[in-house]
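# show me how the following folds:
(chains A and B)
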There are 2 protein chains.
Amino acid sequence: MAKELTSRSENYSQWYNDLVLKADLAENSAVRGCMVIKPYGYAIWEKMQAELDRMFKETGHVNAYFPLFIPKSFLSKEAAHVEGFAKECAVVTHYRLKASPDGKGVIVDPEAKLEEELIIRPTSETIIWSTYKNWIQSYRDLPLLINQWANVVRWEMRTRLFLRTAEFLWQEGHTAHATEAEAMTEARLMLNIYAEFAENFMAVPVLKGVKSPNERFAGALETFCIEALMQDGKALQAGTSHFLGQNFAKAFDVTFVDKNNKQDYVWATSWGVSTRLIGALIMAHSDDNGLVLPPKLAPFQVVIVPIYKTDEQLAAITEKVNEIIPKLRKLNISVKFDNNDTKKPGWKFAEYELKGVPVRLAMGVRDLENGTVEVARRDTLTKETVSLENIETYIADLLDNIQKNIFQKAFDYRTTVTRDVNSYEEFKEEIEKGGFLMCHWDGTPETEERIKEETKATIRCIPIDGDLTEGICMYSGKPSAQRVVFARAY
Amino acid sequence: MAKELTSRSENYSQWYNDLVLKADLAENSAVRGCMVIKPYGYAIWEKMQAELDRMFKETGHVNAYFPLFIPKSFLSKEAAHVEGFAKECAVVTHYRLKASPDGKGVIVDPEAKLEEELIIRPTSETIIWSTYKNWIQSYRDLPLLINQWANVVRWEMRTRLFLRTAEFLWQEGHTAHATEAEAMTEARLMLNIYAEFAENFMAVPVLKGVKSPNERFAGALETFCIEALMQDGKALQAGTSHFLGQNFAKAFDVTFVDKNNKQDYVWATSWGVSTRLIGALIMAHSDDNGLVLPPKLAPFQVVIVPIYKTDEQLAAITEKVNEIIPKLRKLNISVKFDNNDTKKPGWKFAEYELKGVPVRLAMGVRDLENGTVEVARRDTLTKETVSLENIETYIADLLDNIQKNIFQKAFDYRTTVTRDVNSYEEFKEEIEKGGFLMCHWDGTPETEERIKEETKATIRCIPIDGDLTEGICMYSGKPSAQRVVFARAY
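Numbering: from 1, shown residues only, chains lettered A, B, ... in the order given. Model (predicted):
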């Protein structure tokens, strides 16, 4: 191995951290809680962005950009919203530095104090709805279907690379509608887009549901979410879509005249996914050898490693490789030829395993003679020798196969660790083993809160497509409308 | 006209502002100096990003992401750099708000004061070079060719949409090299990429040159720039590429061991273009009817407007249009069919003129009978009736033609207003007329400073490909190595 990883069984949390660092995905920066996303990690984010952006545009959304700063008074306009976000925000109070009187460095110029402090956006509902007020007068101005790719800051005390950082990158959609039904349809549409992205591109199966009132976005009437399961049995919220009702329209006085010439407040949604998805991707699939990336999001899908002793051998292999590469590229397969002479093949094999490249081709002198190549797949770590004839369609099929296999493996794992639990005694035992526990709950925040305090488990969601059989709350014994999903979560 | 614009001759500055607002490109936000980039303006930025990003990647660069925040002490580490940026930066001093004791809104929690203040990045040399220190040990780690797409903040006192705003979007490349020559080659390469982008995509001719020491980037040994000319005769700096020498490596102690096992400081470049380019694009080409967009950067290149009285007529036209659209898309031509029934054709014509859509097709009943369509081009405002046979190649050629014509027009204008000036008397007269004045200068900051004070003109650049004939400084009468470019500038 090029770089040793802690194994998952030894210490899952350490394994994750080792992997993020050693696969060159990200690292902590000199600024507390903020990460540097390194080129290989950022390349995964770019792949995610491209697919999501395409899906947003195909459903009629457009991109725009709103300010980084939010005037302090804006945050307070929506009562639940300020409650949720005021405790962890970065505040700009001054706009100038000056030379320190002691001649050492610079100090904040006390003369340059802002009249009103500015908050670095933790999310942009307030600044966007203050803007929408000027954009919306009539039903003809609706719907507004706008998305923004941006950085946001939440001053988290405990941070972990990708999963929880003070600054992170995300997209936030903010839509405005003439009717409640239309806004609700939009919130559900975006939930489905997120689920499709998670399953078809990230190869991560997700449960679709709504959050309990306790876990709702601050300012939302309903929060839809997709919940994924990591290999250690902990849940991870992978994306949320909020039905905001008329809360922000009322806070910022955004009204419109409808077709019948009646004035009403505008209906809203917001929805977002972030660089946290990279953390989910890593934890859902990777193994003790390193990353396992689904082909659809891998920065490059195929790496070719030449096995040679002499320059002549390398030249002959290179000639053959240069025939193969254009055939692969023609099928939109991204490929890297690693002819770096300072590293041995064994080092390269370990390195690309660590980096999660889905398919590795190794070509030696005997392969040249036989018209073959050694094909290794990252997901199963299996190898076989394959004829070069129609190698491009073979690889294309293999990549499809890997994408499906990675999903299926995660899906099967989730199935194994998802189970009904009927008593609180059983629950306390089972929650230690991880996974999704399907339990009856009486629907009260009090019960949810107590279970959380006693077991660290939260309601991940009330499943949308779940079994609607009624029952008895495992904690209080009161009636329950349906089973909900409990888990410990990231 | 849908919306009246101030004419350029009446008030150029007001025309620009009207146009940005009325064409729905951007607007001022509730936060002083920060703009909202509206969807149509952002779509132009996305086009720019896509082309630049492709050009960066084709020359071996990769993207990454570094923190928004810079510890205050980092800024001070490079003496010239802090001098240049400390005066206009946003400073984060606290990380929490709390409920106001008077019950009204929130206040900054005095308990949550940062030990060291954080600056919102005005540019990222310091945070990036503090990171590079850990990434670079040996010549094998070099070069690092990294770019970042990000927002930055400079607390400008006088702002103008796109041209100068407190927050703006940009890309910043930061590269690290083993030798001075390699860093210098990189700085020149990126200058050439910027020039190619400006000329071939924005259709804006640019002068390539180096900045005088007065106008250099704070911390650079040499600043290369591209300078464009706006229709009012004022210059606009459209992109810069800096050779930073070993300044930042020394400030952050970034050394490497070279092939001969000798330790040395790393050589650096940085380079950037911003949303300011959108301002340049607008001011270079647009007219009193609205935007004129080069086809290569237009959010959509062709709009089709049906001319009809009855629903049957619209249906027949729509059928024909639905045959044309796929043919255009097959040639990668972006097209919008505006069948909105609530607006009249005249309103639509004015609207798409305002929005600068390069080609407008109007199709009426007579066109259907004749197998024709009316084609109007935005750059010349001319119309002609064209056969539908092979309309797609006709349009493709027309778009090429428009792209070239817009460039040629800007090039010819620049040629007209670029002239040699030999005496300071003449200079003072000529500078009032605008344009590029090619003058001899003695090379001293003092002379440059005085000319600026007396005439508001600055040295835009010392041209790279300029005439190297020696002469006499128009101001001081001292010897001059070559003519340099003076202008008033944005």
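# look up the closest residue to the closest residue to chain B within the stretch 101-250 of chain A, ignoring the ones flanking it.
At 3.9 Å from chain B, A:Gly105 is the closest residue in the stretch 101-250 of chain A, using Cβ to the nearest Cβ. Quick note: C-beta positions are derived from backbone N, CA and C, even for glycine. Nearest non-adjacent residue to A:Gly105, counting by Cβ to Cβ, 6 or more residues apart in numbering or on different chains: B:Ser76, 3.9 Å away.
# quick one: contacts for the one you found?
Residues near B:Ser76 by Cβ atoms under 8 Å, 6 or more residues apart in numbering or on different chains: A:105-106, B:82.
# mind putting those in TSV, secondary structure and neighbour count included?
Listed next are the contacts of B:Ser76 as TSV, based on DSSP: H, G, I helix; E, B strand; the rest coil; neighbours: other Cβ atoms under 10 Å in any protein chain shown:
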residue	secondary structure	neighbour count
A:Gly105	coil	16
A:Val106	strand	22
B:Val82	helix	23
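# closest to A:Gly371 out of the residues you listed?
Nearest to A:Gly371 among the contacts of B:Ser76: B:Val82, at 63.2 Å, using Cβ to Cβ.
# wait, that closest one touches A:Lys104, no?
No: judged on Cβ atoms under 8 Å, B:Val82 makes no contact with A:Lys104 at a distance of 11.7 Å.
# tell me where the stretch 101-250 of chain A has helices.
Along the stretch 101-250 of chain A, counting by DSSP state H, counting those that start in this stretch, helices occupy A:125-135, A:180-200, A:247-251.
# list the buried residues for the longest one?
Meaning helix A:180-200. By 16 or more other Cβ atoms under 10 Å in any protein chain shown, the buried positions in helix A:180-200 come out as A:182-184, A:186-191, A:193-195, A:197-199.
# what of the first one?
Residues of helix A:125-135 classed as buried under the neighbour-count rule (16+ other Cβ under 10 Å) are A:125-132, A:135.
# go on, the shortest one?
Under the neighbour-count criterion of 16+ other Cβ under 10 Å, helix A:247-251 has A:247-249, A:251 buried.
# what helices or strands is the next helix or strand after that helix leaning on?
Note on helix A:247-251: by DSSP states H and E, the next helix or strand toward the C-terminus is strand A:255-257. For strand A:255-257, the contact count by 3 or more Cβ pairs under 8 Å, 6 or more residues apart in numbering or on different chains; DSSP states H and E identifies strand A:263-265 as packing neighbours.
# what strands flank the strand it packs on, and is each parallel or antiparallel?
Taking DSSP bridges as the criterion, strand A:263-265 forms sheet pairs with strand A:255-257 (antiparallel).
# report how many residues lie close to A:Gly60.
A count of nearby residues for A:Gly60, using other Cβ atoms under 10 Å in any protein chain shown, gives 11.
# residue contacts, A:Glu125?
So A:Glu125 contacts A:78, A:81, A:174, A:219, A:244, A:248, A:268, A:270 (Cβ under 8 Å, 6+ apart).
# ranking those by neighbours, who comes first?
Going by other Cβ under 10 Å, A:Ala268 tops the contacts of A:Glu125 with 29 neighbours.
# assumed it was part of a strand.
Yes: in this structure, A:Ala268 lies within a strand as judged by DSSP: H, G, I helix; E, B strand; the rest coil.
# partner residues bridging it?
Under the criterion used (DSSP bridges), A:Ala268 bridges to A:Ala176, A:Gly245.
# isn't it up against A:Asn247?
Yes: with contact defined as Cβ under 8 Å, A:Ala268 counts as touching A:Asn247 (7.4 Å).
# so what's the most centrally placed residue in chain A up against?
Nearest to the mean C-alpha position of chain A, counting by Cα atoms, centre = their mean, stands A:Leu277 at 1.6 Å. By Cβ under 8 Å, 6+ apart, A:Leu277 lies in contact with A:48, A:198, A:202, A:238-239.
# pLDDT for the residues you listed - can I get that in TSV?
Formatted as TSV, the contacts of A:Leu277 follow (pLDDT from 0 to 100):
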residue	pLDDT
A:Met48	98
A:Ala198	98
A:Met202	98
A:Ala238	97
A:Gly239	97
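# those residues, buried ones only, as a ChimeraX selection?
To isolate the buried members of the contacts of A:Leu277 in ChimeraX, using 16+ other Cβ under 10 Å:
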select /A:48,198,202,238,239
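# of the buried residues of helix A:125-135, which is the nearest to A:Leu207?
Distances from A:Leu207 to the buried residues of helix A:125-135, taken by Cβ to Cβ, are shortest for A:Glu125, at 25.7 Å.
# keeping just the C-alphas, turn the lowest-mean-pLDDT helix or strand in chain A into PDB.
Ranking every helix and strand in chain A by mean pLDDT, DSSP states H and E puts helix A:79-85 at the bottom, with a mean of 86. Taking C-alpha atoms only, helix A:79-85 is exported to PDB below (Å, rounded to 0.1, in the frame of the first residue of the first chain):
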ATOM      1  CA  ALA A  79     -39.100  34.400  14.200                       C
ATOM      2  CA  ALA A  80     -38.400  30.700  13.900                       C
ATOM      3  CA  HIS A  81     -35.600  31.400  11.400                       C
ATOM      4  CA  VAL A  82     -33.600  33.700  13.600                       C
ATOM      5  CA  GLU A  83     -34.000  31.200  16.500                       C
ATOM      6  CA  GLY A  84     -32.400  28.500  14.300                       C
ATOM      7  CA  PHE A  85     -29.500  30.400  12.800                       C
END
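# what about that helix, near chain B?
Yes: Helix A:79-85 lies within reach of chain B by Cβ under 8 Å from any Cβ of the partner chain, at A:Val82.
# so how far is chain B from the residue nearest to A:Pro358 when sequence neighbours are not counted?
Spatial nearest neighbour of A:Pro358, chain neighbours left out: A:Pro295 (4.6 Å); criterion: Cβ to Cβ, 6+ apart. As judged by Cβ to the nearest Cβ, to the nearest Å, A:Pro295 and chain B stand 20 Å apart.
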